[in-house]
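Chemist: quick one, structure for this:
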Amino acid sequence: MTVVRSTLPEEARRIAAEALQDTLVDLLGLSLIGKQAHWNVVGPRFRSVHLQLDEVVAATRAQADTVAERAATLGVPPDGRPETIAKVFSLPAPDEGWLRDSEAVQLMTDALGAAVTRLRERIDTTEKADPVTQDLLISITSELEKQRWMFEAENVPGTS
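Modeler: Here you go, the predicted model:
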């Protein structure tokens, strides 16, 4: 059933829809990773890392909503169901239990870096198919790169 018809040609819509769905999964997964680390982080930098994790969670949740709405705009039902995320998500994730502050920082640096790499591939893929979706992905990439930089700056050798 198609509820909303896209103004894009079908092939362009398919390309944009795939990029948006994959991005939605990454963003929802990042928000879950961030919350898991937020609840379990321990160590001398607890407070700063704890608060920084909340920033990532807020940003990725807001971006996920924007991505899902873009998909719906194109007539594609976004799929953010837990079983979909669990089945498809493949970014680095924490183990169960407490997480040292330095481990949380490294985890987020790695997960955000992997998400950015994937987003850059999607930016290339959507360039001709749908510049509007591409622009959205560029914006998300910019925010995730900023968050990654902030975490990476926490792990500079000799600074702690």
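Chemist: surely residue 63 and residue 27 touch.
Modeler: Yes: under the criterion of CB atoms under 8 Å, residue 63 is in contact with residue 27, at a separation of 5.2 Å. Quick note: C-beta positions are derived from backbone N, CA and C, even for glycine.
Chemist: what's the spacing between the residue positioned nearest the centre of the chain and residue 10?
Modeler: Centre of the chain computed as the mean C-alpha position; nearest residue by CA atoms, centre = their mean is residue 27, 2.8 Å away. Spatial separation of residue 27 from residue 10 under the definition CB to CB, to the nearest Å is 25 Å.
Chemist: residue 64 now?
Modeler: The gap separating residue 64 from residue 10 is 25 Å, by CB to CB.
Chemist: and the longest helix for this protein?
Modeler: helix 10-40 (DSSP state H).
Chemist: could you point out which element follows it?
Modeler: Next helix or strand after helix 10-40 toward the C-terminus (DSSP states H and E): strand 41-42.
Chemist: out of residue 64 and residue 10, which sits in the busier spot?
Modeler: A direct count of neighbours by other CB atoms under 10 Å for residue 64 and residue 10 places residue 64 higher, at 22 against 8.
Chemist: pLDDT (mean, whole number) over the helix or strand where the more buried one lies?
Modeler: Secondary-structure element containing residue 64, defined by DSSP H and E: helix 46-73. With pLDDT averaged residue by residue, helix 46-73 scores 97.
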